[in-house]
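In: Quick one, structure for this:
(one chain, ligands or ions: 1)
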Amino acid sequence: MSDACIVRAITEDDLPMVLAWRNHLDVRGYMLTQNEISLEEHLNWFARVKDDKTRQQLIVLEGSDPLGFVQFNPVCQGGIADWGFYARPGAPKGSGSKLGQAALAHAFKALGLHKVCGQAIESNVASIAFHQKLGFAEEGRLREQKRISDQYHTLFCFGLLAKDWHESQLKQEQPNATN
Ligand SMILES: CC(C)(COP(=O)(O)OP(=O)(O)OC[C@H]1O[C@@H](n2cnc3c(N)ncnc32)[C@H](O)[C@@H]1OP(=O)(O)O)[C@@H](O)C(=O)NCCC(=O)NCCS
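Out: Reported below is the predicted structural model:
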């Protein structure tokens with residue numbers, strides 16, 4: 001499925017589209033920072049990160065249709081990176097899975113990461129189920145770790161090791177293999 005997807009670095013031309021996604025309530029309502037981001041803040045963020053080789057800001061496309069945004073940080077061969085992601089608001093059901101699978105293939109093959117880590121607010125049932133579906137293990141919970149609008153939120157921590165991801169890919173390619 002992810003073979004049909006393209007993962008590429010975001011460019012200046014993508015910035016208005018990515019800002020509109022990030023500010024959409026379906027996305028920012030689940031982020032650790034939920035305030036609306038101004039165009040100026042967004043441009044300053046991109047100016048800071050675009051030449052930083054340890055960070056990757058990516059768009060995943062299916063054909064010419066953008067599925068969403070993914071970032072990995074910090075990135076180095078054999079490294080351990082956090083990821084963040086959102087599907088394009090209004091994208092059809094299944095878009096998140098394609099986005100996640102393509103992004104993880106990129107992380108473990110092209111970037112050579114050892115491990116990808118994710119965090120989700122406890123109320124983000126979609127993201128928690130999404131991480132589990134993609135093969136992430138829950139590695140802990142940070143109780144009342146994040147304060148948003150005067151409410152404390154517990155964070156679920158997830159991790160996926162490269163070896164486990166490669167093994168799951170082999171099983172998908174050879175479902176009858178015993179080892
Ligand atoms: C998380 C997200 C990428 C999932 O995208 P999506 O297009 O809904 O994903 P899919 O339709 O491919 O569903 C993939 C899996 O996600 C989970 N999921 C998606 N929506 C769900 C929901 N409303 N309730 C529970 N689980 C849900 C399920 O495990 C689903 O698999 P299933 O359909 O086999 O049950 C999307 O909801 C999103 O961008 N959310 C806002 C941003 C965000 O939360 N980012 C992560 C911050 S930690």
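
In: Spell out the secondary structure type for the closest residue to Leu43 other than its chain neighbours.
Out: The spatial neighbour of Leu43 that comes closest, neighbours along the chain excluded (C-beta to C-beta, 6 or more residues apart in numbering), is Leu15 at 6.8 Å. Using the backbone N, CA and C atoms, a C-beta is placed for each residue, glycine as well. Using DSSP: H, G, I helix; E, B strand; the rest coil, the structure places Leu15 in helix.

In: you'd agree Gly135 is up against Asp164?
Out: Yes. If you go by C-beta atoms under 8 Å, Gly135 and Asp164 touch, sitting 6.2 Å apart.

In: Am I right that Leu113 sits in a helix?
Out: No. Counting by three-state DSSP, Leu113 falls outside a helix, being coil.

In: Quick check: closest non-adjacent residue to it.
Out: In space, Leu113 is closest to Ala107, 4.7 Å off (C-beta to C-beta, 6+ apart).

In: my read is that neighbour is in a helix, agree?
Out: Yes. Ala107: assigned to a helix according to three-state DSSP.

In: pLDDT at it, what is it?
Out: On pLDDT, Ala107 comes in at 98.

In: so what's it up against?
Out: Shown in contact with Ala107 (C-beta atoms under 8 Å, 6 or more residues apart in numbering): Phe72, Ala81, Trp83, Leu113, Val116.

In: Whatever helix or strand the last one lives in pairs with which strands?
Out: Secondary-structure assignment from DSSP states H and E places Val116 in strand 115-121. In the sheet containing strand 115-121, its partner strands are strand 80-87 (parallel), strand 151-161 (antiparallel), by DSSP bridges.
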